[in-house]
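> Can you look at this prediction? I've put the sequence above it.
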Amino acid sequence: MQGKIVAVCTSKNKGERKQNVGQANLLPGLGLEGDAHAGFQHRQVSLLALESIEKMRHLGLDVHPGDFAENLTTEGLDLPSLPIGTKLKIGEVLLEVSQIGKQCHSRCNIYYQAGDCVMPKEGIFAIVLTGGRVANGDIIEVMEHV
């Protein structure tokens, strides 16, 4: 099973939308270089599918990759169905799924605009096992879960 990266997003501060920077380096044990969330234990890299963002667009929101504070926006993968421990290969980069969804302690602006948010249910998190460059258009290969 494979999909592709449609956006590589970073932000300098936590709690803000991320900007699509096109490409960045993933650092082993840390996350996306230059991102405010890098080094956050088991949530080093966040991923959200473009299909999830489209759901929010159908509710009337003007949202884009990075607006849910995800690092990697993907297309063609059912991210929340991937079991914890699944390996994701992006070129030389190797990620391991470490968490599905997240608990939101406070409601974000998206929640107040739409009455819902997809990141807590459909976003996933991963740790960086092998680092390297990732870029828009890169193929993500789901390795068989052992």
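Received it, and whenever you're ready, just let me know what you need.

> Any regions of the protein where pLDDT drops low?
102-120, 144-146 (pLDDT under 70).

> And the helices in it?
Taking DSSP state H, the helices of the chain run over residues 50-58, 109-114, 119-122.

> Could I get the contacting residues of the residue nearest to Arg43 when sequence neighbours are not counted?
What sits nearest to Arg43 in space, not counting adjacent residues and going by C-beta to C-beta, 6 or more residues apart in numbering, is Phe125, at 4.1 Å. For every residue, glycine as well, the C-beta is placed using N, CA and C. Phe125 makes contacts with 42-47, 97-100, 102, as judged by C-beta atoms under 8 Å, 6 or more residues apart in numbering.

> and if we set it to 10 Å?
31, 37, 40-47, 70-71, 84, 95-102 (C-beta atoms under 10 Å, 6 or more residues apart in numbering).

> Touching, Cys47 and Thr86? I think so.
No, residue 47 isn't Cys; it's Leu. No: between Leu47 and Thr86 there is no contact under C-beta atoms under 10 Å: 11.3 Å.

> joint contacts of the two?
79, 95, 97, 124, 126.

> what number of residues lie near the second one?
When neighbours are counted by other C-beta atoms under 10 Å, Leu95 registers 27.

> same check, this time on the third one
Using other C-beta under 10 Å, Val97 is surrounded by 21 other residues.

> What's the separation between the nearest residue to it once chain neighbours are set aside and Leu48?
Once flanking residues are discounted, Val97 sits nearest to Thr86: 4.4 Å by C-beta to C-beta, 6+ apart. Distance of Thr86 to Leu48, computed by C-beta to C-beta, to the nearest Å: 16 Å.

> picking that back up, I'd like to know which of the contacts of Phe125 are buried.
Burial of the contacts of Phe125 was assessed by neighbour count (16 or more other C-beta atoms under 10 Å); the buried members are 31, 37, 40, 43-47, 70-71, 95-98, 100.
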